[in-house]
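**Q** Following is a predicted model, sequence given first.
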Amino acid sequence: MAQSASTPDLRNTPDQAVDWPRVAYLVSLSRALDKMEETRLVPEKKVLYQFSARGHDMGQILLGCRLDDPADATCGYYRSRPMLLTLGVDVADALGSAMGRAGGYSDGRDIGVVFNYPNPHGASALPMCGGVGAQYTPTAGWAQAIEYHRTVLKEPAYDKAIAVVLGGDGSVASNGFWAALTVATTQKLPMLFYIEDNGYGISVPSTFQTPGGNIAANLASWSGLTIFSGDGTDPAEAARLVDQAVTHVREERSPVLLRLTVPRLQGHSFQDTQTYKSEEFVASEWARDPLPRLKSYLIPAVLSEGEWAEIERRADSDAEAARERAEARGVADPETVLRNVFFEGTLQTEGGQWNHGYIAPDTTEVPQPAGQRINMVTAIRRTLEREMELNPRVVLFGEDIGPKGGVHAVTLGLQEKFGFGRVFDTSLSEEGIVGRAVGMALAGLMPVPEIQFRKYAEPATEQINDCGTMRWRTNNRFAAPMVLRVPGGFFKCGDPWHSQTNEVAFVHQPGWKVAVPSNAEDAVGLLRTSLRGNDPVLFFEHRSMLDFAWARRAWPGDDYALPFGRAKTTVSGDDITIVTWGAMVPRCEEAAEGRSADVIDLRTLMPWDSEAVLASVQRTRRCLIVHEDIKTAGFGAEIAAVVADQAFMDLDAPVVRLAMPDIPSPHNAVLLDWAVPSVERIRARIDDLVGF
């Protein structure tokens with residue numbers, strides 16, 4: 001039915017629930033910052049990485065205005081500055097970070113478009129990552145933590161909270177997107193996937209990312225997912241869709257995908273000339289610019305021409321003032337870049353259980369053995385059980401850790417005791433396992449994810465790296481402490497897929513502590529320290545030690561905790577120092593029988609006890625390093641380099657490494673025994689060095 005001239009068209013009447021003057025100001029401010037960077041700061045080389053948000057800005061700002069719950073969180077990507085401005089980030093921080101100045105998001109450590117914002121007044125912006133798609137699974141983890149706070153910890157402050165992730169059309173092809181989508185829908189999480197579809201991933205059309213270029217259409221039959229899709233340049237439509245999407249997630253506590261089509265009015269980055277686009281296509285994009293559409297939508301219904309002009313003037317003035325403040329900032333003292341790799345005593349602004357009221361019970365470094373000897377499986381399980389009893393924030397998850405109790409039986413019975421909310425199985429995605437653990441840790445839980453075998457950690461490498469560097473790259477604004485349990489190494493036989501050790505790869509990930517216990521007592525002490533700590537820990541469980549008789553020890557007590565970076569001399573002697581860890585410790589001890597040798601079990605590789613090793617070498621004047629990992633670039637090379645560098649004048653023989661050849665672990669037991677350092681080969685190397 002046609003409307004009469006006197007009847008207003010409600011579809012084009014601005015929603016009074018939206019603060020349109022604020023939206024207009026923030027869009028104008030975002031445009032002013034983009035223009036300033038593109039015309040001045042980049043040509044002057046004061047900004048080196050610039051990603052214009054023009055065309056994406058209005059939709060983000062409308063969304064940001066709806067994130068008003070203090071427990072909300074969002075995680076964006078490199079074109080998400082309009083969202084940050086809406087959440088309340090200091091404009092000088094936004095510009096100063098882009099300029100690499102002191103303060104801001106990272107104190108000059110990270111590029112300025114990789115945002116973070118521990119918001120004291122509302123929704124936080126979780127630390128973004130430089131990798132496309134890496135933002136999805138941590139956001140899913142935050143969403144799952146919201147439900148954990150609501151349903152397990154019974155905290156009503158989380159009843160309406162949601163998690164929002166931003167991504168472009170290119171990111172929907174990433175592992176992280178699909179892993180997070182699976183997590184959110186199978187777990188029915190309050191998570192909003194906000195996809196800004198500008199048709200291109202740099203120069204690659206969206207049709208290469210998903211068939212037909214429309215992820216919303218392609219997910220229409222995805223169970224458990226509500227979808228909204230529309231024009232992100234139309235103020236009325238964008239506001240309506242944002243309202244519907246956010247309301248659905250808040251009220252229904254279930255995931256939504258909101259796809260808004262937007263133009264990318266500049267290149268992917270400042271250096272991108274967009275020669276892959278035709279002139280006609282570029283013109284069509286500018287014809288869809290949301291800013292003039294917003295202006296015509298609000299004038300005269302909400303603002304007069306004069307009020308709009310005043311908003312633009314104020315935005316330009318605020319941008320200029322922010323530039324002056326940003327440029328007045330200096331560059332951080334270069335020596336400060338060494339700080340905040342690990343927790344140094346000053347609590348991060350956001351993330352970790354310590355920020356949510358957790359106080360670690362008193363511990364002792366002196367074991368108090370009691371009862372019969374137990375194997376490592378029992379020791380790890382008993383430690384997890386005890387810490388879960390004491391700390392409701394501890395949550396365990398991974399593939400098959402629930403009713404099955406893990407493929408190594410470490411978590412057997414824990415789901416039955418603590419329930420599905422605290423001990424649960426996951427989808428088969430290591431990206432999803434570790435990524436969600438990051439989000440949970442940021443939300444104040446102590447996640448204990450398990451990677452089933454060491455080799456399976458490879459798909460999670462990006463999340464492992466991003467988690468470890470988080471404290472450093474945000475300059476202690478955020479941290480995500482967790483305990484990542486990873487079984488590995490040979491067991492009776494080997495193979496290239498289940499028997500890898502390669503601990504050195506984790507040592508090479510800044511920000512991760514690495515524990516490699518060889519026996520039940522050390523496993524208890526290191527695991528308890530990890531679960532009560534404030535850094536991410538890689539806890540390596542050697543498969544052949546889990547039920548090995550040598551590794552059995554008496555329970556060291558409920559309060560026993562072992563500091564990281566403290567080696568143990570398991571055998572003492574004067575003629576040679578043998579440095580080892582994990583499954584090689586008992587072999588080295590046996591090889592040293594009848595000889596005068598120090599056998600040092602490092603117990604942790606990050607940090608490692610170089611002082612103990614050097615003190616021993618200075619006395620014995622000889623050093624043999626034995627490990628299961630391959631020889632080339634194994635951790636033994638680091639130890640050898642330190643010994644050669646700091647104890648060279650004390651040596652009476654070369655520093656020698658005995659390790660696996662540079663091959664994967666063989667499956668046949670005969671081949672495996674030949675490849676892994678044996679007692680006989682270790683003994684022969686000891687004799688060679690002592691007789692040198």
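**A** Here it is on my side, so go on.
**Q** per-residue pLDDT, residue 493?
**A** Model confidence at residue 493, given as pLDDT, is 89.
**Q** now swap in residue 99 and tell me
**A** pLDDT at residue 99 comes out at 93.
**Q** can you check residue 10 too?
**A** 50.
**Q** Would you mind measuring from residue 287 to residue 298?
**A** 19 Å (C-beta to C-beta, to the nearest Å). C-beta coordinates here come from the backbone N, C-alpha and C atoms, glycine included.
**Q** Those two: which has the busier surroundings?
**A** Applying other C-beta atoms under 10 Å to residue 287 and residue 298 shows that residue 298 carries more neighbours, namely 20 against 11.
**Q** Now do the contacts for that one.
**A** Applying C-beta atoms under 8 Å, 6 or more residues apart in numbering to residue 298 gives the contacts 14, 20, 24, 235, 308.
**Q** try residue 411
**A** Applying C-beta under 8 Å, 6+ apart to residue 411 gives the contacts 381, 384, 396, 401, 402, 405, 423, 450.
**Q** How about residue 277?
**A** Counted by C-beta under 8 Å, 6+ apart, residue 277 has contacts residue 200.
**Q** any idea how far residue 289 is from it?
**A** 15 Å.
**Q** just the helices in the stretch 301-450 of the chain please.
**A** 305-328, 376-390, 414-418, 430-442 (DSSP state H, counting those that start in this stretch).
**Q** Nearest to residue 220, out of the ones you listed?
**A** Closest to residue 220 of the helices of the stretch 301-450 of the chain, according to C-beta to C-beta: helix 430-442, at 22.7 Å.
**Q** still on that earlier bit, make CSV from the contacts of residue 298 and add secondary structure, pLDDT and distance to residue 465 to it.
**A** As requested, those are arranged in CSV below (DSSP: H, G, I helix; E, B strand; the rest coil; pLDDT from 0 to 100; distance: C-beta to C-beta, whole Å):
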residue, secondary structure, pLDDT, distance to residue 465
14, coil, 89, 45
20, helix, 97, 42
24, helix, 98, 40
235, helix, 97, 40
308, helix, 98, 46
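**Q** In TSV, list those residues along with neighbour count and distance to residue 597.
**A** Listed next are the contacts of residue 298 as TSV, based on neighbours: other C-beta atoms under 10 Å; distance: C-beta to C-beta, whole Å:
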residue	neighbour count	distance to residue 597
14	17	81
20	21	78
24	26	76
235	27	77
308	19	82
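**Q** Throw the residues you listed into TSV and include distance to residue 533, thanks.
**A** Output for those, formatted as TSV (distance: C-beta to C-beta, whole Å):
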residue	distance to residue 533
14	51
20	48
24	47
235	49
308	54
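**Q** Just say which of the helices of the stretch 301-450 of the chain is most tucked in.
**A** Scoring the helices of the stretch 301-450 of the chain by mean neighbour count under mean count of other C-beta atoms under 10 Å gives helix 430-442 as the most buried, with a mean of 30.
**Q** Over to the residue nearest to the spatial centre of the chain. Which of the three states is it?
**A** Nearest to the geometric centre of the chain sits residue 467, at 3.1 Å (C-alpha atoms, centre = their mean). Here residue 467 takes the helix state, with states given by DSSP: H, G, I helix; E, B strand; the rest coil.
**Q** That one contacts residue 511, correct?
**A** Yes. When contacts are counted by C-beta atoms under 8 Å, residue 467 is listed as touching residue 511 (7.3 Å).
**Q** any shared contact partners between those two?
**A** residue 536.
**Q** Residue 604: neighbour count?
**A** Residue 604, neighbours per other C-beta under 10 Å, totals 26.
**Q** Let me know the pLDDT of it.
**A** For residue 604, pLDDT reads 98.
**Q** shouldn't it be in contact with residue 507?
**A** No. With contacts counted by C-beta under 8 Å, residue 604 stays clear of residue 507, the gap being 9.9 Å.
**Q** Between those two, which contacts overlap?
**A** With C-beta under 8 Å, 6+ apart as the test, residue 604 and residue 507 both reach residue 514.
**Q** Tell me the spacing between the residue nearest to the centre of the chain and residue 135.
**A** Distance, residue 467 to residue 135, by C-beta to C-beta: 13 Å.
**Q** same thing with residue 345?
**A** From residue 345 over to residue 135 the distance is 30 Å, taken as C-beta to C-beta.
**Q** what separates residue 80 from residue 550, distance-wise?
**A** Relative to residue 550, residue 80 is positioned 53 Å away (criterion: C-beta to C-beta).
**Q** In contact with residue 624, which residues?
**A** Taking C-beta under 8 Å, 6+ apart, one finds 576, 577, 578, 579, 656, 657, 658, 682, 685, 686, 689 in contact with residue 624.
**Q** Give me the pLDDT value at the first one.
**A** At residue 576 the predicted local confidence, pLDDT, stands at 98.
**Q** Bridge partners for it, pull those for me.
**A** residue 597 (DSSP bridges).
**Q** circling back to that earlier point, Serialize the contacts of residue 624 to CSV and add fields for distance to residue 171 and neighbour count.
**A** Listed next are the contacts of residue 624 as CSV, based on distance: C-beta to C-beta, whole Å; neighbours: other C-beta atoms under 10 Å:
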residue, distance to residue 171, neighbour count
576, 55, 27
577, 51, 29
578, 50, 31
579, 45, 30
656, 49, 18
657, 43, 20
658, 46, 22
682, 50, 22
685, 51, 20
686, 55, 23
689, 54, 23
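**Q** Relative to residue 540, which of those is nearest.
**A** residue 579 (16.8 Å).
**Q** Got the phi and psi for residue 540?
**A** phi -90, psi 120 (degrees, to the nearest 10).
**Q** Just give the closest residue to it, not the sequence neighbours.
**A** residue 516 (4.7 Å; C-beta to C-beta, 6 or more residues apart in numbering).
**Q** and if you look at residue 565?
**A** Per C-beta to C-beta, 6+ apart, closest to residue 565 is residue 607, 3.8 Å.
**Q** ok now do the one you found, which residues does it touch?
**A** Per C-beta under 8 Å, 6+ apart, neighbours of residue 607: 513, 564, 565.
**Q** Can you tell me which of the residues you listed lies closest to residue 203?
**A** residue 513 (41.2 Å).
**Q** how far away is the nearest residue to that closest one once chain neighbours are set aside from residue 559?
**A** Excluding the flanking residues, the one nearest residue 513 by C-beta to C-beta, 6+ apart is residue 537, at 4.6 Å. Look at residue 537 and residue 559: by C-beta to C-beta, they are 19 Å apart.
**Q** One more: residue 538?
**A** When residue 538 is compared with residue 559 (using C-beta to C-beta), they lie 24 Å apart.
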